[in-house]
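Trainee: structure here, sequence nowhere to be found:
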C-alpha cells in the first residue's frame with residue numbers, strides 16, 4: 001500500500017522558527033507519508049537537502065503574480081495529488097489552495113505575525129481560516145486565544161507546541177579566548193526581536209564585567225542599525241555572527257541564552273537552548289510564559305526593559321548554581337513538553353482525522 005501524500009506549502013524558507021518547525025515535522029513525517037515541501041526557497045533549503053526532504057521551488061507570492069502563482073500551485077498539486085495540504089505561516093495561501101481544490105483537506109499552522117499590523121493579520125487569518133481551512137494549529141495557547149478573539153471557531157483550532165530533536169553532535173565556534181562569559185541570542189534581526197534592548201543591557205553589564213561577550217546569531221533588516229548602536233555605545237566584545245544553519249548545534253559554546261522579543265508566538269530558539277542545557281532569560285510576552293516557568297526553568301523580564309535585562313544577566317553571571325539549576329530544569333521541561341516526537345504525535349492525530 002502506498003503511503004498517503006502530504007504537501008507542505010510555505011511563503012518563505014529561511015532559517016527562522018517557522019522553517020525550523022517544518023524541518024522537524026517533515027523529518028518525523030517522512031517515515032509515515034510521502035511528503036513534498038513547496039516554497040520560494042531560501043537559506044533553509046540546504047537543511048531540507050541535508051535531511052533528504054523533497055523540495056520544489058516556486059516564486060514568492062506578490063500582488064502582481066497571483067494568477068501565475070495560482071497556476072503553478074495548481075499544476076504541482078495535480079501532479080503530486082496529496083491527501084492533505086499543510087500550509088505554514090501565510091493564510092492567503094489557504095484561500096488560494098482551497099478555492100482550487102475544495103475537496104482536499106487544508107491544515108494551517110499559525111506561527112505568529114511579525115508585521116507592523118498584527119491585529120489586522122490575525123483578523124484576516126481568523127476570517128480566512130474559518131471559511132476555508134479544515135483545521136488550524138496554533139503553536140501556543142496565546143496564539144490560539146488571539147485567533148479565537150478575532151473570530152475563529154473554537155472547534156477549528158487546536159494548540160500543538162513546537163518541538164525539536166535533541167542535538168546530535170555539538171559543534172565548536174572559533175570564539176575569542178579573552179571572553180570568559182558568553183551571552184548568545186539567536187533571532188531574525190528585526191525590531192520585533194528586541195535585540196536593541198539586549199545590546200543596551202550588555203552596555204550596562206560590560207562596564208562592570210569586562211570579560212563578558214555578546215554573540216548575535218541571525219540576519220535581518222535591523223543589522224546595520226544594531227551595528228551602529230554598538231558603535232554609539234562604544235561597546236567591545238559584541239559579535240554579529242550572521243546566519244548559521246542549525247544554530248542549535250553551536251549553543252554549547254555559550255554560557256547563557258537571551259531572547260529579548262517584543263512579540264513572540266512561542267520562541268523555538270528557547271527550546272533549542274533548553275535542549276542544550278543553557279540557562280535562559282526571555283521576555284514575558286506572547287507564548288513565552290508557556291515555555292518558561294519564571295525562576296524555575298528560566299528568568300522572565302518585561303519587554304523593552306534594558307535595565308531589567310541587565311539585572312537578570314548579572315544574576316546569572318554571579319550565581320553559577322542558579323545557572324545550573326535553570327539549565328537542568330529547562331532541559332527536563334524540554335523532554336516533557338517540547339520534543340519533536342510530542343509535536344509530531346499530536347500533528348499525526350490531526351492528519352488521521354482527515355485520512
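Mentor: Sure thing, it's come through. Note that the structure is predicted; figures quoted are calculated from it, not measured.
Trainee: for the protein, which segments count as strands?
Mentor: For the chain, the strands defined by DSSP state E cover 5-9, 34-39, 55-57, 84-88, 106-110, 135-138, 157-159, 181-186, 212-217, 238-242, 256-259, 279-283, 299-301.
Trainee: tell me which of these lies nearest to residue 331.
Mentor: For residue 331, the closest of the strands of the chain is strand 279-283, at 10.5 Å, according to C-beta to C-beta. No exception for glycine: its C-beta is placed from N, CA and C like everyone else's.
Trainee: quick check: angle from that closest one to strand 181-186?
Mentor: Angle, strand 279-283 to strand 181-186, by axes from the mean of the first three to the mean of the last three C-alpha atoms, to 10 degrees: 50 degrees.
Trainee: give me the domain ranges for this protein.
Mentor: 5-165+339-352, 181-337 (automatic domain parsing).
Trainee: redo those domains as a markdown table? Include distance to residue 174.
Mentor: Compiled in a markdown table, the domains of the chain are given as follows (distance: least, C-beta to C-beta, whole Å):
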| stretch | distance to residue 174 |
| --- | --- |
| domain 5-165+339-352 | 20 |
| domain 181-337 | 10 |
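Trainee: closest one to residue 173 among those?
Mentor: Taking C-beta to C-beta, domain 181-337 is the member of these nearest to residue 173, at 4.9 Å.
Trainee: related to what we said a few turns ago, okay, the strands of the chain in TSV with distance to residue 291 next?
Mentor: Formatted as TSV, the strands of the chain follow (distance: least, C-beta to C-beta, whole Å):
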stretch	distance to residue 291
strand 5-9	24
strand 34-39	26
strand 55-57	29
strand 84-88	20
strand 106-110	17
strand 135-138	14
strand 157-159	13
strand 181-186	15
strand 212-217	19
strand 238-242	24
strand 256-259	10
strand 279-283	8
strand 299-301	10
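Trainee: about what we covered before: nearest to residue 171, out of the domains of the chain?
Mentor: Residue 171 lies closest, by C-beta to C-beta, to one member of those: domain 181-337, at 4.7 Å.
Trainee: one step back: now the domains of the chain as JSON lines including mean pLDDT and mean neighbour count?
Mentor: Shown next, in JSON lines, are the domains of the chain (pLDDT from 0 to 100; neighbours: other C-beta atoms under 10 Å):
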{"stretch": "domain 5-165+339-352", "mean pLDDT": "95", "mean neighbour count": "18"}
{"stretch": "domain 181-337", "mean pLDDT": "96", "mean neighbour count": "20"}
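Trainee: what's residue 322 in contact with, if anything?
Mentor: 279, 315-316 (C-beta atoms under 8 Å, 6 or more residues apart in numbering).
Trainee: ugh, wrong one, I meant residue 220
Mentor: Neighbouring residues of residue 220 by C-beta under 8 Å, 6+ apart: 188-190, 193.
Trainee: go again with 6 Å.
Mentor: By C-beta atoms under 6 Å, 6 or more residues apart in numbering, the contact set of residue 220 is 188-190.
Trainee: distance of it from residue 20?
Mentor: From residue 220 across to residue 20, the span is 16 Å (C-beta to C-beta, to the nearest Å).
Trainee: and residue 136, by the same measure?
Mentor: Per C-beta to C-beta, residue 136 is found 20 Å from residue 20.
Trainee: one step back: and of the contacts of residue 220, the nearest to residue 215?
Mentor: The shortest gap between residue 215 and any of these belongs to residue 189, at 13.2 Å (C-beta to C-beta).
Trainee: close enough to count as contact, the closest one and residue 223?
Mentor: Yes: using C-beta atoms under 6 Å, residue 189 is in contact with residue 223, at 4.8 Å.
Trainee: tell me the buried residues in stretch 165-182?
Mentor: Residues of stretch 165-182 classed as buried by neighbour count (16 or more other C-beta atoms under 10 Å): 167, 173, 175, 179, 181-182.
Trainee: tell me the contacts of the closest residue to residue 269 other than its chain neighbours?
Mentor: Excluding its sequence neighbours, the residue lying closest to residue 269 (C-beta to C-beta, 6 or more residues apart in numbering) is residue 186, at 4.4 Å. Going by C-beta under 6 Å, 6+ apart, residue 186 touches 217, 247, 269.
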